[in-house]
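> Here you go, sequence then predicted model.
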Amino acid sequence: MAFYDRMMQIDRRIIYLCMTLAVAIPLIVPIGMPVQVSDEARGFYDHIEDLEAGDIVLFSFDYEGDVMAELNPMSIAALRHLFRQGVRVVSVTMYAGGTGIAQDILEETAAEYGKEYGIDYVFLGYNPDWSGTILRLGESFKATYPADQFGKSTREIPLMQDVETYDDIALLVSIAGSALSEYWAIWAGGRYGVTVVSGNTAIQAILIYPYYNAGQIPGFLGGLKGAAEYERLVDIPGLGIKGMDAQSVAHLLMLSFIVIGNVGYFLSRRHERKLKEE
Amino acid sequence: MSADPGIWVAAILTLAIFSFLYRENPVFRFAEHLLVGVSAGYYLVQYFFSAVYRKLYVPVFDNHEYILIMGGVLGAMMFARLWRKYEWVSRYPIAFYVAAWAGYVIPSYVQVRILQQAESTMFNPMALPPAEAISNFIIFLGVVTTLSYFYFSAERKGPLKISSHVGVIFIMIGFGATFGYNVMGRISLLIGRFQFLLTDWLGIVQ
């Protein structure tokens, strides 16, 4: 087999092995690559930074375990930022599989800042039918969620006494592994005028740009890179920044394989042309 | 190294799934089937508890909101699909759902995804700093030329041919950016698993 043919037919297991090393080594031996902050991440940060102590934020965990790696760092950093600001958090999840994730993160971050359940934050849990839920919250939070995640009536929760509709919400944060943040922007933002900022998986992030450009989502975090940018802005290094070295090295490796494959392809084409001419 | 049995189970199952990268094997199959079974059980309980119990049983029997029985009946009619003879019954709740969904979606989508986003592509170049004006012009050009690519009611020649060619370039850039983000997302997931293995399980990384 010619050299250029080998360039195009590298055994996939070799590629996987290289990728494993490209991800694992920078995690064990950090390089400390710089993280540049984008305007999108700054928009997300500024909207939380502008909140005042006592304001109420609706925080939606719109993801499940499959995208925890990308979105957990965002949720943790955003909640730390909110609790540090003294903002009160009403939290929901639009996914049945998101309840455990949301509960863990809320309890962990609230404990760091000494926040009390029911006073500083509340977790309303999962409600079936996200479209109906988003719309009905515009009419009544308590009717949409008669009880919180733990079965306690929302009428008896002190924080919920200050929340009736979206009018009482200063900002809506959706951390989404699907199109949910778009739907928050369409219905909660478009119909009820709530300001929506979002954190999205890298795959989803590209679909948020039209909303960002139109000012419908004035700030968002895209993938682990977005989480790292935000961690840098709030100055609380977490899993996002720790993962950036591995991300950069893995991208360089991917680029290298793409270049190798293309060079092999063009060399083989040149060789075929030469054979035809002879 | 972790002493938590839960972490060990998660780590072993992660490695079992990774073993597929070498080749298909029974360990991978076991982990895959376990995931499917556990997920099915988890979601069945979650959906039943959050939908049937919390949204139907409690409001009807505790709060006497009898109007909700109508929704419950419509939901039960969906199960008619299980019997070929009575399959037609399930069309009524589907019709109800489609109609309600269209009512929800159409006005909001037209307003937010078409009118407001089209509005954001319109700008006065004299009122903006040069860099922003150029950026907005590129967005405007991308929208117009991409739309022209999808205009099929005229032969592609003259200005339409040029415009649709430019539109294709924008579409290709869009695909490239999507692929790039896709790669970034997949690698992030891999990083997440390695962070778990190296930090939570092995304790090599702090």
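Structure received.

> And the residue of chain B that's closest to chain A?
Chain A sits closest to B:Gly192 of chain B, with a gap of 2.0 Å, by Cβ to the nearest Cβ. (C-beta placed from N, C-alpha, C; glycine too.)

> what about that residue, neighbour count?
Per other Cβ atoms under 10 Å in any protein chain shown, the neighbour tally for B:Gly192 reads 20.

> Give the other helices and strands that the helix or strand harbouring it contacts.
Assigned by DSSP states H and E, B:Gly192 belongs to helix B:159-195. When contacts are defined as 3 or more Cβ pairs under 8 Å, 6 or more residues apart in numbering or on different chains; DSSP states H and E, helix B:159-195 packs onto helix A:12-28, helix A:68-85, helix A:202-213, helix A:223-234, helix A:239-277, helix B:130-149.

> Tell me the residue of chain A that sits nearest chain B?
Closest point on chain A to chain B, by Cβ to the nearest Cβ, is A:Ala69, at 2.0 Å.

> leaving aside the residues next to it on the chain, what's closest to that residue?
Leaving aside its sequence neighbours, A:Ala69 sits nearest to B:Gly192 (Cβ to Cβ, 6 or more residues apart in numbering or on different chains; 2.0 Å).

> try A:Phe83
Using Cβ to Cβ, 6+ apart, the nearest residue to A:Phe83 is A:Tyr113, at 3.9 Å.

> Please report the distance of the one you found from A:Ala77.
As for A:Tyr113, its distance to A:Ala77 is 13 Å (criterion: Cβ to Cβ, to the nearest Å).

> which of these two has more neighbours?
Taking other Cβ under 10 Å, A:Tyr113 and A:Ala77 do not tie; A:Ala77 has more neighbours (31 against 15).

> ok, now which ones touch the more buried one?
Contacts for A:Ala77 (Cβ atoms under 8 Å, 6 or more residues apart in numbering or on different chains) come out as A:Ala227, A:Tyr230, A:Glu231, A:Val234, A:Ile236, A:Gly238, A:Gly240.

> pLDDT value on residue 128, please?
Going with chain A. Looking at A:Pro128, its pLDDT stands at 87.

> actually it's chain B I care about, not the one you picked
85.

> again with A:Lys225
Value listed for A:Lys225 in the pLDDT field: 93.

> which residues does it contact?
For A:Lys225, the contact set (Cβ under 8 Å, 6+ apart) comprises A:Val35, A:Ala202, A:Gly240, A:Met244, A:Gln247, B:Met184.

> contacting residues around the fifth one?
Pointing back at A:Gln247 there. Counting by Cβ under 8 Å, 6+ apart, A:Gln247 touches A:Leu224, A:Lys225, B:Met184, B:Ile187, B:Ser188, B:Ile191.

> likewise the fourth one?
By Cβ under 8 Å, 6+ apart, the contact list for A:Met244 reads A:Met33, A:Val35, A:Leu224, A:Lys225, A:Ala228.

> Quick check: of those residues, which has the highest neighbour count?
When neighbours are taken as other Cβ under 10 Å, the top entry among the contacts of A:Met244 is A:Leu224 (31 neighbours).

> correct me, but it touches A:Gly243?
Yes - between A:Leu224 and A:Gly243 there is a contact at 5.2 Å, judged by Cβ atoms under 8 Å.

> Identify, from the contacts of A:Lys225, the entry nearest to A:Leu124.
Here the nearest of the contacts of A:Lys225 to A:Leu124, counting by Cβ to Cβ, is A:Gly240; it sits at 26.7 Å.

> Show the model's pLDDT score for that closest one.
90.

> possible to save the contacts of A:Lys225 as TSV with distance to A:Tyr126?
Formatted as TSV, those follow (distance: Cβ to Cβ, whole Å):
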residue	distance to A:Tyr126
A:Val35	33
A:Ala202	25
A:Gly240	26
A:Met244	32
A:Gln247	31
B:Met184	29
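
> Okay, and A:Ser181 sits in which element?
Under the assignment here (DSSP H and E), A:Ser181 is part of helix A:180-183.

> So the residue of chain A closest to chain B is in contact with A:Leu224, correct?
Yes - the pair A:Ala69 and A:Leu224 qualifies as a contact (Cβ under 8 Å) at a distance of 7.3 Å.

> Which neighbours do those two have in common?
By the contact definition Cβ under 8 Å, 6+ apart, A:Ala69 and A:Leu224 are jointly contacted by B:Ser188, B:Ile191.

> Run a quick neighbour tally on the residue nearest to A:Ile119 when sequence neighbours are not counted.
Spatial nearest neighbour of A:Ile119, chain neighbours left out: A:Pro158 (5.6 Å); criterion: Cβ to Cβ, 6+ apart. When neighbours are counted by other Cβ under 10 Å, A:Pro158 registers 11.

> With A:Ile186 instead?
Residues near A:Ile186, counting by other Cβ under 10 Å: 24.

> Next, the contact list for it, please.
By Cβ under 8 Å, 6+ apart, the contact set of A:Ile186 is B:Ser108, B:Tyr109, B:Val112, B:Arg113.

> pLDDT wise, what is A:Pro218 at?
pLDDT, A:Pro218: 96.

> and the closest residue to it other than its chain neighbours, what is it in contact with?
Residue nearest to A:Pro218 in three dimensions, not counting chain neighbours: A:Gly43, with 5.0 Å by Cβ to Cβ, 6+ apart. Counting by Cβ under 8 Å, 6+ apart, A:Gly43 touches A:Val197, A:Tyr212, A:Pro218, A:Gly219, A:Phe220.

> follow-up on the earlier one: surely the residue nearest to A:Ala69 meets A:Asp66?
No - checked against Cβ under 8 Å, the pair B:Gly192 and A:Asp66 is beyond contact range at 10.2 Å.

> Return the members of the contacts of A:Ala77 classed as buried.
A:Ala227, A:Tyr230, A:Glu231, A:Val234, A:Ile236, A:Gly238, A:Gly240 (16 or more other Cβ atoms under 10 Å in any protein chain shown).

> residues in contact with the last one?
The contact partners of A:Gly240, by Cβ under 8 Å, 6+ apart, come to A:Pro73, A:Met74, A:Ala77, A:Leu224, A:Lys225, A:Gly226, A:Ala227, A:Ala228, A:Glu229, A:Tyr230, A:Glu231.

> With the third one instead?
Residues in contact with A:Glu231, defined by Cβ under 8 Å, 6+ apart, are A:Pro73, A:Ala77, A:Pro237, A:Gly238, A:Gly240, A:Ile241.

> Would you reformat those as JSON lines and include distance to B:Gly158?
Putting the contacts of A:Glu231 into JSON lines (distance: Cβ to Cβ, whole Å) gives the following:
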{"residue": "A:Pro73", "distance to B:Gly158": "52"}
{"residue": "A:Ala77", "distance to B:Gly158": "53"}
{"residue": "A:Pro237", "distance to B:Gly158": "57"}
{"residue": "A:Gly238", "distance to B:Gly158": "56"}
{"residue": "A:Gly240", "distance to B:Gly158": "50"}
{"residue": "A:Ile241", "distance to B:Gly158": "53"}
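
> tell me the helices in the stretch 1-150 of chain A, going along the chain?
According to DSSP state H, counting those that start in this stretch, the stretch 1-150 of chain A carries its helices in the segments A:3-8, A:12-28, A:39-49, A:68-85, A:99-112, A:130-137, A:141-144.
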